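>>> requesting a structural model of the entry that follows:
(2 chains)
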2 protein chains.
Amino acid sequence: MRVLAESDIRRLVPLSLDVVAAVADGFRALGEGSVATPPILRLDLPESRGEIDVKTAHARGWDSFAVKMSTGFFDNPARGLPSGDGLMVLFSAATGTPVALLLDGGYLTTVRTAAAGAVAAQWLAPPRVDTVGLVGSGVQAWFQLCALLLVRPYRRVLVWSPTSDHARQLAERATRDLHREAEPTPDLERLVRTSDVVVTATPSRAPLVEGKWLHAGQHITAMGADAPDKQELAGDVWRRADVAVCDVRAQALTLGDSRHAVEAGSLDPGRLWELGAVVAGRRPGRTASDQVTVCDLTGTGIQDTAVARLAYQRALAEEVGQELRP
Amino acid sequence: MRVLAESDIRRLVPLSLDVVAAVADGFRALGEGSVATPPILRLDLPESRGEIDVKTAHARGWDSFAVKMSTGFFDNPARGLPSGDGLMVLFSAATGTPVALLLDGGYLTTVRTAAAGAVAAQWLAPPRVDTVGLVGSGVQAWFQLCALLLVRPYRRVLVWSPTSDHARQLAERATRDLHREAEPTPDLERLVRTSDVVVTATPSRAPLVEGKWLHAGQHITAMGADAPDKQELAGDVWRRADVAVCDVRAQALTLGDSRHAVEAGSLDPGRLWELGAVVAGRRPGRTASDQVTVCDLTGTGIQDTAVARLAYQRALAEEVGQELRP
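Purely as a prediction, here's the structure:
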């Protein structure tokens, strides 16, 4: 069994087109109906305000599958520890033998989530993107910006955050590290009106983006909502959508942003397509330049398996990591 | 994070009264209602006749909890590999930090399952046991025999197996390693009629033990059934039971031996008590020497957490294992 430390994994699996392609393969397999994703195992520890989620998924024909354990312990910051941690175990799909322990500390989750944003943009965003509107300024917002650059090399980014200082810092980082024209803005309406692609990556519990701000040809990816009480898009955003997509319908309709639109009657769930079906060519994505496309991402296990396999393949090729002998 | 190899774990956690006590603590916590046990996560890989089960459980107040991954890949024996493998990750219950990786290969499952048999005997078997009847001759049958010796130091053992050679080998081993009078027998009725305690540990899919063979004061533990189609006890065994016990009612009534008795109308599920409630003193166990007691064990996550914690505590105390730095 090979053990990979977080530093190894960060070096082996930077956010790149290979990661986006691996995650797209996962979505394609989902769309082809060849992925098994059992329901999440979740244990709550109310005494320490903690929780652990365990996820797994396997695509028929893949040589391995990952089991991911993610923890959230919300008193940790007061002790100087991060609230979230995580690790994965990769198993052989032929024999069940554990082949790798990935002590990624949640890094691979960040990367696979960003890669899903890139997959959504690849299949749904207009081919040429001048301006990106980024709603949010956390780690995932930054990774979304990096991921989007790989598939839609935009010229300019506008950044909005509830904390204006954070928006400024993220814009400075985009200027410095991505060499983009970047501007923080307190005017969310202007951001949405000006951008070809809008990505929302906040923990918001009230709608931020309104449908009347949208324009023809625009693409929106909403990443933030992953719980029933989270919401970033107003219901009328979905009314404006010509193409409405989510990653996993059953999950999006319970935890995702589209849930609110369906409940409010702004979205017929029958026209909410799955990203995997679009990637697999079973559903059309964007078919005209003036369409509005909206995608709701909640995260699914095959993304974890996809990036864990990539990390392990590269670790073998580069002879990185420590081999444990039981 | 400390990594423990199977050889370390076997040396640190031999089957002993300490293990039985740790598992009894787990059952007591269950009986006190302080254990969280989420439903098992299970992934099937039909293409390779494989499956993985992930279990976890936490007892309020315990400093850590285990996540156990067990695989069964049924084409492995043809490749010269064991069909089952397993490992556990132990997490801090205060911070969610993974503290240990236990590469036990399924050994801890064997031990915790045997320890549950000892807990059942401690609370339900007659205080003095002369003869034990062992039904089955596999690894778990052997461990049950060893576990029972810790809590009821019997004089003699009778062994029955569908394969008479296996019964003979196990009896020879009991003579040699446990210094007991041991005898293989092809006569299951005689075995049951002669024994103070009967333990069944087979993968049988048809009842083996009949109620009319039982006598006053006898205790029976049925370990083998862990799937809806498995059964070791005839329905009338439960009719004869003055005290009917299982480990986890909801699970026993779907996967365990008592399921068949309830379906056949031989057992009122309202009088099927949980072992944890007995250990916690909330239900009486054996209260008279002439009672017939029957216990159906299917296995539950807190047993895993109990033995994983013991392995880790001992590894720290004896400075065993390899410390990984992410």
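>>> how is chain A divided into domains?
As assigned by automatic domain parsing, chain A contains the domains A:2-109+A:302-323, A:116-299.
>>> tabulate the ones you listed (a markdown table), appending mean pLDDT.
Below are the domains of chain A laid out as a markdown table (pLDDT from 0 to 100):
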| stretch | mean pLDDT |
| --- | --- |
| domain A:2-109+A:302-323 | 96 |
| domain A:116-299 | 96 |
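>>> make a markdown table from the ones you listed and add mean neighbour count and distance to chain B to it.
All C-beta atoms are positioned from the backbone trio N, CA, C, and that covers glycine. Output for the domains of chain A, formatted as a markdown table (neighbours: other C-beta atoms under 10 Å in any protein chain shown; distance: least, C-beta to the nearest C-beta, whole Å):
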| stretch | mean neighbour count | distance to chain B |
| --- | --- | --- |
| domain A:2-109+A:302-323 | 20 | 3 |
| domain A:116-299 | 20 | 15 |
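>>> now render those domains as TSV, adding distance to residue B:193.
Formatted as TSV, those follow (distance: least, C-beta to C-beta, whole Å):
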stretch	distance to residue B:193
domain A:2-109+A:302-323	42
domain A:116-299	55
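>>> secondary structure element for the residue nearest to the spatial centre of chain A, which one?
Nearest to the mean C-alpha position of chain A, by C-alpha atoms, centre = their mean, lies residue A:113 at 2.6 Å. Assigned by DSSP states H and E, residue A:113 belongs to helix A:107-124.
>>> which residues touch the residue nearest to residue A:162 when sequence neighbours are not counted?
Using C-beta to C-beta, 6 or more residues apart in numbering or on different chains and skipping residues adjacent in sequence, the residue nearest residue A:162 is residue A:202, 7.4 Å away. Counting by C-beta atoms under 8 Å, 6 or more residues apart in numbering or on different chains, residue A:202 touches A:135-136, A:138, A:141, A:161-162, A:208, A:224, A:232.
>>> so which of the residues you listed belong to strands?
Members of the contacts of residue A:202 lying in strands (criterion: DSSP state E): A:135, A:208, A:232.
>>> which residues touch stretch A:108-119?
Stretch A:108-119 has contacts (C-beta under 8 Å, 6+ apart) with A:9, A:13, A:15, A:19-20, A:22-24, A:27, A:68, A:70, A:86, A:88, A:102, A:139-140, A:143-144, A:146-148, A:150-151, A:199, A:221, A:223, A:247, A:275, A:279, A:297, A:299, A:303-304, A:306-308, A:311.
>>> same question, stretch A:249-257
A:222, A:224-228, A:230-233, A:246, A:258-259, A:262, A:269, A:272, A:274, A:296-298, A:300.
>>> rerun that using 7 Å as the cut-off
A:222, A:225-228, A:231-233, A:246, A:258-259, A:262, A:269, A:272, A:274, A:296, A:298, A:300 (C-beta atoms under 7 Å, 6 or more residues apart in numbering or on different chains).
>>> so which of those belong to helices?
A:258-259, A:262 (DSSP state H).
>>> for the residues you listed, which one is nearest residue B:61?
Nearest to residue B:61, judged by C-beta to C-beta, of these is residue A:259 at 36.5 Å.
>>> may I have stretch A:303-318 exported as CSV, CA atoms only?
Extracted C-alpha coordinates of stretch A:303-318, given in CSV (Å, rounded to 0.1, in the frame of the first residue of the first chain):
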residue,chain,number,x,y,z
GLN,A,303,-15.1,13.0,-9.0
ASP,A,304,-13.2,11.8,-5.9
THR,A,305,-12.4,8.4,-7.5
ALA,A,306,-11.3,10.2,-10.7
VAL,A,307,-8.7,12.5,-8.9
ALA,A,308,-7.6,9.8,-6.5
ARG,A,309,-6.7,7.5,-9.4
LEU,A,310,-4.8,10.2,-11.1
ALA,A,311,-2.8,10.9,-8.0
TYR,A,312,-2.0,7.2,-7.6
GLN,A,313,-1.0,6.7,-11.2
ARG,A,314,1.3,9.7,-11.1
ALA,A,315,2.8,8.5,-7.8
LEU,A,316,3.6,5.2,-9.3
ALA,A,317,5.1,6.8,-12.5
GLU,A,318,7.2,9.2,-10.5
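>>> mind listing residues that contact it?
Contacts for stretch A:303-318 (C-beta under 7 Å, 6+ apart): A:2, A:4, A:8-9, A:12-13, A:18-19, A:22-23, A:25-26, A:55, A:57-58, A:62, A:64-66, A:68, A:88, A:90, A:99-100, A:102, A:108, A:111-112, A:116, A:321.
>>> now stretch A:182-190
Here stretch A:182-190 makes contact (C-beta under 7 Å, 6+ apart) with A:135, A:157-160, A:164, A:167-168, A:171, A:174-175, A:191, A:208, A:213.
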